[in-house]
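fold the following.
(4 chains)
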Number of protein chains: 2
Amino acid sequence: MLKHPDVNLDAVFAALSHPIRRSIIEQLSEGEKSVSELAEPHDVSLSAISQHLRVLEDAGLLQQTHEGRVRRCALQGKPLSEAFSWIVQYRIFWEDTLEAIAQQVEGDDET
Amino acid sequence: MLKHPDVNLDAVFAALSHPIRRSIIEQLSEGEKSVSELAEPHDVSLSAISQHLRVLEDAGLLQQTHEGRVRRCALQGKPLSEAFSWIVQYRIFWEDTLEAIAQQVEGDDET
DNA sequence: ATGTTACTTAAGCATTTGCTTAAGCAAGGA
DNA sequence: TCCTTGCTTAAGCAAATGCTTAAGTAACAT
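As a prediction, this is how the structure comes out:
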């Protein structure tokens, strides 16, 4: 019995393709946030944010826990790791042609 | 701090969100291919493939060279490296998750 | 009980996506 | 020349996306 659901790469990449949703992921990387906190920096309705959060949740990128009437949202890393794993297969394609990026990646590894 | 401001992450992630387009990228990772060669394994019209290639090209993932009436397609790594760079920022989130999962699996012998 | 807060869901609408078939077009072969 | 090949573009359609406003729900305060 699997403890974690299968990751749907279609849904994950689609979720990542909208700037507001990527921004929400960036916000969540700083820690858990409520829906209102996540909505604050964006110039769309709270309803729109709620719908974006549903897209992220359907992609498995978001975990929501209810604390009273506040919904606390947390980033779920598994789908990101799946997306990473897919992309990194083709690493040779940009490392071969772009030395600068390869160096950047190596620099990232030593942290 | 973007390395390649000409890469549009919206377009790149959207391009990666369709299974046929990801499959095309996998095919191209084996080497250059013509449109017909790329179309062969897929159960859609050549026109549909042509349209998928346009999406990939608009995202910068595809480089095309015309050899007579044959269009040779090659994978362009730069947008993939940008997608990689965006995702890898959040590596800590799935490394934590994977550690947690690993611990769960360790104490979960009755699979 | 009534109101306020924090959110979700419904309905509606414009735009985009993904496919089809059909037509178009340039390159090579007979 | 005419025909085929390799591929693109156009037109049309159903479904999905991204937003809006309005209504609904549940928790908490007064």
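
who's in contact with residue A:37?
residue A:27 (CB atoms under 8 Å, 6 or more residues apart in numbering or on different chains). For the C-beta atoms, the positions are set from N, CA and C on the backbone; glycine is no exception.

that one: which element?
For residue A:37, the host element (DSSP states H and E) is helix A:35-39.

contact residues of chain A facing DNA strand C?
A:34-37, A:46-47, A:49-51, A:53-54, A:64, A:69-71 (CB under 7 Å from any atom of the strand).

restricted to helices, list those residues.
Among the residues of chain A next to DNA strand C, the members falling in helices (DSSP state H) are A:35-37, A:46-47, A:49-51, A:53-54.

so can I have JSON lines of those residues showing distance to residue A:17 and pLDDT?
Below are these laid out as JSON lines (distance: CB to CB, whole Å; pLDDT from 0 to 100):
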{"residue": "A:35", "distance to residue A:17": "21", "pLDDT": "97"}
{"residue": "A:36", "distance to residue A:17": "25", "pLDDT": "96"}
{"residue": "A:37", "distance to residue A:17": "23", "pLDDT": "96"}
{"residue": "A:46", "distance to residue A:17": "22", "pLDDT": "97"}
{"residue": "A:47", "distance to residue A:17": "20", "pLDDT": "97"}
{"residue": "A:49", "distance to residue A:17": "17", "pLDDT": "98"}
{"residue": "A:50", "distance to residue A:17": "19", "pLDDT": "97"}
{"residue": "A:51", "distance to residue A:17": "15", "pLDDT": "98"}
{"residue": "A:53", "distance to residue A:17": "16", "pLDDT": "98"}
{"residue": "A:54", "distance to residue A:17": "15", "pLDDT": "98"}
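
any idea how far the residue positioned nearest the centre of chain A lies from DNA strand D?
Taking CA atoms, centre = their mean, the centroid of chain A lies closest to residue A:25, which sits 4.7 Å from it. For residue A:25, the distance to DNA strand D (CB to the nearest atom of the strand, to the nearest Å) stands at 14 Å.
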